[in-house]
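> I would like the atomic coordinates for the input below:
(2 chains)
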Amino acid sequence: MKVLIVNNMAPFVWGGAEELAAHLQKNLVIAGHEAEILRIPFQWEPAERIPSQMLMVRAFELWNVDHVIALKFPAYLIRHPKKTLWLLHQYRQAYDLYDAGQTNLPPGQEGLELKYLIRQADQESFAESRNIFTNSEVTRQRLLKYNGFDAAVLLPPVNDPELFPGGDHGDYIFAGGRVNGMKRQHLLLEGLAKADARVKLLIAGPPDRPDDAARLQAAVERLGLADRVRLDLRFLPRQVYAEYVNRSAAVAYLPYDEDSLGYVAMEAATAAKALITTADSGGILGLVKHGETGWVAQPKAKDLAVVMGAVFENSARTKSYGQNARALWESMKIKWPETVETLLR
Amino acid sequence: MNLIVFTPAGVRSAIGRMAALVTRELVALGCQVTVVRTEAQHLLSTDMHDFGTTVLAWDDEASVLALVRSADACVYQIGNSFEFHEVGVRWLADFPGLVCLHDFFLGHLFYGWAQTHRVQAESVLQNWYGKEMAERFFSFSDSESFIEGTREFMPMTEWICSRAEGVITHSHWGCDRVLNSCSGPVRVVPLPYDAPGAINSPFDRRSTDGGTLKLLTIGHANPNKRIASVIQAIGLSPLLRQRIKYRLVGAIEPDAMESLSALAAHLGVNLLISGEVDDSELNRAVNESDVISCIRWPVLEAASASAIEAMLYGKVVIVTDTGFYADIPESCAIKINHSNEIAELQSSLISLLEDQSRVVSLGAAAQNWAAKTFTAKNYAEQVMEIILDVSRSAPAIKAINYFCQTLRQWSYRDNPVVMAELTHKLHIFEQNN
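This is a model prediction of the structure:
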């Protein structure tokens, strides 16, 4: 079967969705299909230009394609008689973020009409899709609430599980992934300052903006943590990243209200590492069960200090949390062959 | 080029006469043309103009459909008469093509069409003229108030032009509405006409009646032809009363005949009302005349066949200085301002009587200009060119329509801000037209 994966693109930006599309392509090929990725440029600023980009996608005519798997707004507006949505993102600024007053749509009537337009286009696209899957329960609930479509959750598998066999129980907590305000690495530093002096922290990953890196560096300086913190702020080679995970004592990941389980948490669970997150981290809580697979703290420095200390208080307990995390993850049976089969159903 | 021409074809139709001229030229230029008659069914068996090619009646729908599907383009001759053009409107909706627009005012055609398409008609009116205007359209009590109340703000030009892939119109007047509504190419092409009955040139004119001028008005004697004004202009001048013979040729209702006769008698005007006559009598009347009155108010047509014909006969024409008539060179016609109609008519006729050489020179200039301008060959060539333009612009228009239709499905009303952002981008297609 000829399968086209359709995704957005922002030139020279590479993140989780791009990784997912690439691995989906790879696994479609492994399953015996022909697969390509169509990446469609999308820029959401200024918001007034969103409709013309939506129309552009809608006007594309595909041929020589048996099945389309579309991932994101507005790429999923593309027309095809056999279109499956694996919904990573609606345009949240027209949905929950609009309701929360955190939208980039203009105020007043103009924004209201843009919101309506985006929702109507979504509605049309969802209705014509053969199947809709979401990448998390949060996304599924949002889709149900705002659009009335009851999708199935299809969690994305770890792309390269062989890189995460686990390993030595090291002397640091690892915080990986993109570095920005929403991922709250700064909160970990504040917690560390209040934690037992034995606790060490490794923060590694690409900052979204130079300011994000500077903020962490300043915090280390200000809190006097230079001897307990290592910052490796760059886009890491996968091997380096995997080694940081495999050699850690535990993995901390505290995004604000994340939709999905999060690759950082899934990879840590694959490596049998105990997990630390916060109560407001959204989808991550699907993997982090307090007192079973790790610790769920309140998003406060004081509470984080306590759980960071707990990692090193009882290393047998920390290791058992890690084993539990791996067992929970494996019980979800999230593997590429099954995922590919489901998507082409 | 394989063309289907939808037109009234009966001898009563001036548009049919023009279409026959053009069709013969198109055939001469190598086109394969089939004519489809568009008159109401009871007129389909009337005598036709000579088109020099196959003519089908529209009610032979299977044959027409087969032809349309294999044609390169459809050409629709559209005027204001519902009886003559109803079928053209119907086929245009299903098979868009080139419209040759004979009247800018299409209120009567639209009114007739609306009797069986009321919901659609109201939507068309609202779309082009707004809710308030739309509510007024069907509220007039008689034809005169209907024309007066709609011609300026609801002429329905846009209704037909928005359905056309391209438009040929016959004067620059009213073009803004055409350009604003037709998404395809628009050309102004002089209306072709001929004067087969012309028997002499203006230079042959000999005054046989002691300096009397013979003034003629042709066509249905309705208020639009300003006949009462002409009678008053003559009647209020002793000189004109004495030396003008005014003749009306064309259909006239008994009421109009009575009132105009009474007015002429009251003012002492020499008026001859001939009523409807056959072609040979009409030719004779035109040939015998010196001056033809083509004044009109309001002006509703895209071009005046009778004015063109009068010029081709080498006659002096008096016209209202507006619309199509304003495009006639000053040296080829006498132009009257409607606001001062009677006085200007009077002074123009007196001036002609005082210098009768102008009757010859004006007629000659008009004949010369008209013979070069209103040619069927030019029209046929322009039809072929605009059809090629239509084929070039059609894909871009299709794209614009696609985007607008999609956007309409997503919107609950036109959003000026969003629309401005989008239409700005869509101009790229227009630049390629």
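> Leaving out chain neighbours, which residue sits closest to B:D327?
In space, and not counting its chain neighbours, B:D327 is closest to B:S171: 5.0 Å by CB to CB, 6 or more residues apart in numbering or on different chains. All C-beta atoms are positioned from the backbone trio N, CA, C, and that covers glycine.
> distance of that neighbour from chain A?
The gap separating B:S171 from chain A is 38 Å, by CB to the nearest CB, to the nearest Å.
> The helix or strand A:I132 falls within - contacts with which helices or strands?
Using DSSP states H and E, A:I132 maps to strand A:131-134. Packing contacts for strand A:131-134, counted by 3 or more CB pairs under 8 Å, 6 or more residues apart in numbering or on different chains; DSSP states H and E, involve strand A:83-89, helix A:137-147, strand A:152-153, helix A:336-343.
> hang on, the earlier thing: show me the contacts for the residue nearest to B:D327.
For B:S171, the contact set (CB atoms under 8 Å, 6 or more residues apart in numbering or on different chains) comprises B:V188, B:A302, B:A303, B:G323, B:F324, B:A326, B:D327.
> And for the nearest residue to A:E258 once chain neighbours are set aside, the neighbour number?
With sequence-adjacent residues excluded and distances taken as CB to CB, 6+ apart, A:E258 is closest to A:G282, at 4.4 Å. Counted by other CB atoms under 10 Å in any protein chain shown, the residues lying close to A:G282 total 20.
> Partner strands of the strand holding A:I132, with direction?
Paired neighbours of strand A:131-134 in the sheet (DSSP bridges): strand A:83-89 (parallel), strand A:152-153 (parallel).
> Next secondary structure after the last one?
Next helix or strand after strand A:152-153 toward the C-terminus (DSSP H and E): strand A:173-176.
> by contact count, what packs against that following strand?
Packing contacts for strand A:173-176, counted by 3+ CB pairs under 8 Å, 6+ apart, involve helix A:185-194, strand A:201-204, helix A:238-246, strand A:250-252, helix A:263-270.
> Nearest to A:E341, out of those?
For the helices and strands packed on strand A:173-176, proximity to A:E341 was assessed by CB to CB; helix A:263-270 is nearest, at 19.8 Å.
> Just the pLDDT at B:I428, thanks.
B:I428 carries a pLDDT value of 64.
> which residues in the stretch 301-433 of chain B form strands?
For the stretch 301-433 of chain B, applying DSSP state E, counting those that start in this stretch gives strands covering B:316-320, B:334-336.
> any chance of those in a markdown table, plus mean pLDDT, distance to A:A70 and mean neighbour count?
Formatted as a markdown table, the strands of the stretch 301-433 of chain B follow (pLDDT from 0 to 100; distance: least, CB to CB, whole Å; neighbours: other CB atoms under 10 Å in any protein chain shown):
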| stretch | mean pLDDT | distance to A:A70 | mean neighbour count |
| --- | --- | --- | --- |
| strand B:316-320 | 96 | 64 | 26 |
| strand B:334-336 | 96 | 66 | 24 |
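> count of residues packed around the residue in the stretch 201-345 of chain A that chain B sits nearest to?
For the stretch 201-345 of chain A and chain B, the shortest gap (CB to the nearest CB) falls at A:D259, measuring 24.8 Å. Neighbourhood size, A:D259 [other CB under 10 Å]: 23.
> so it touches A:S281, yeah?
No. Shown here, A:D259 and A:S281 do not form a contact pair, counting by CB atoms under 8 Å, at 10.7 Å.
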